[in-house]
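Enquirer: Next input, structure requested:
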Amino acid sequence: MAPRSSAARSVHSKPARLSPVSSTSSAASASHLKFRLCSSATTIPSSRWALEKFASAAASAGADGVLVTDLTPEESEDYRRILAAHHLDTVFLGAPTSTDERLAKIAACSSGFLYLISRTGVTGAKDALPDDLPALIRRTRSVTQLPIAVGFGISLPGHVSVLGGLADAAVVGSALVSEIEKAKSVDGAATALAERVRSLKDAARHGPLSLAAR
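Expert: Alright, predicted model coming up:
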């Protein structure tokens, strides 16, 4: 699911609860925004019927792909087949601990793009990118031609500038949530988010990098 423009968005929802997928995706589609939608989840429905229903709802709502963070390639055969039938991309995660063989398997099960985790541990804004990140991206490039999105700890314009010559997209989440938490009002949050995203996009324009706010 390569971004159509310099902005992309991931819509967070749990597949077992279909209404957030439908309402959020439909609202974004209705606004005629020029980005593609990827529904991110931590669990998937256990039955084929529930997965079929989720895939149908996501596709009808305007989603272009799905990222299930705790689904392994080995367990994904039915999931990938059902989502492909609904023209939905399947995005999987690569990590610093992934071997070259593992990265190849993850890439083979992915479509649209591959989400590369920049560091081990939990997500959240960080001051600096890991020293071994360029090597991880090079290893991933060697096993796939898919666009590579890098996330976890991406929060500053400097991060985006560094990634500009290495990756195809930056995934920014916690830094934007922090702006919302600090704001005193809805209008204040909107202004702070706009300024933060603008600074990240300006940094992205210096290199061949798309900015993804998840």
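Enquirer: give me the element Y79 is part of.
Expert: Here Y79 sits within helix 77-85, counting by DSSP states H and E.
Enquirer: Residues touching that helix, excluding its own?
Expert: The contact list for helix 77-85, computed with C-beta atoms under 8 Å, 6 or more residues apart in numbering, reads 44, 48, 51-52, 55, 66, 68, 71, 89-90, 109, 111. (Glycine included, C-beta is placed from N, CA and C.)
Enquirer: For the longest helix anywhere in the chain, what is the distance to the chain centroid?
Expert: Scanning the chain for the helix with the most residues, using DSSP state H, yields helix 186-204. Helix 186-204 sits 19 Å away from the centroid of its parent chain (C-alpha atoms, centre = their mean, to the nearest Å).
Enquirer: let's have the chain start at 51 instead
Expert: With the count now opening at 51, the last piece we talked about shows up as helix 236-254.
Enquirer: could you say what helices and strands that helix packs with?
Expert: helix 207-213, strand 219-222, helix 224-232, strand 260-263 (3 or more C-beta pairs under 8 Å, 6 or more residues apart in numbering; DSSP states H and E).
Enquirer: Lowest average pLDDT across those?
Expert: Among the helices and strands packed on helix 236-254, strand 260-263 carries the lowest mean pLDDT, a mean of 53.
Enquirer: Just send the helices and strands packed on helix 236-254 back as CSV, with distance to S249 too.
Expert: Shown next, in CSV, are these (distance: least, C-beta to C-beta, whole Å):
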stretch, distance to S249
helix 207-213, 5
strand 219-222, 11
helix 224-232, 10
strand 260-263, 10
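Enquirer: Out of the ones you listed, flag the one nearest G144.
Expert: Comparison of these against G144 by C-beta to C-beta identifies strand 219-222 as nearest, at 12.7 Å.
Enquirer: Over to stretch 201-211 now: how far is its first residue from its last?
Expert: Taking C-alpha to C-alpha, to the nearest Å, stretch 201-211 runs 14 Å from one end to the other.
Enquirer: in the sheet, who's paired with the nearest residue to L143 once chain neighbours are set aside?
Expert: In space, and not counting its chain neighbours, L143 is closest to Y165: 5.1 Å by C-beta to C-beta, 6 or more residues apart in numbering. Beta-bridge partners recorded for Y165 (DSSP bridges): L143, A199.
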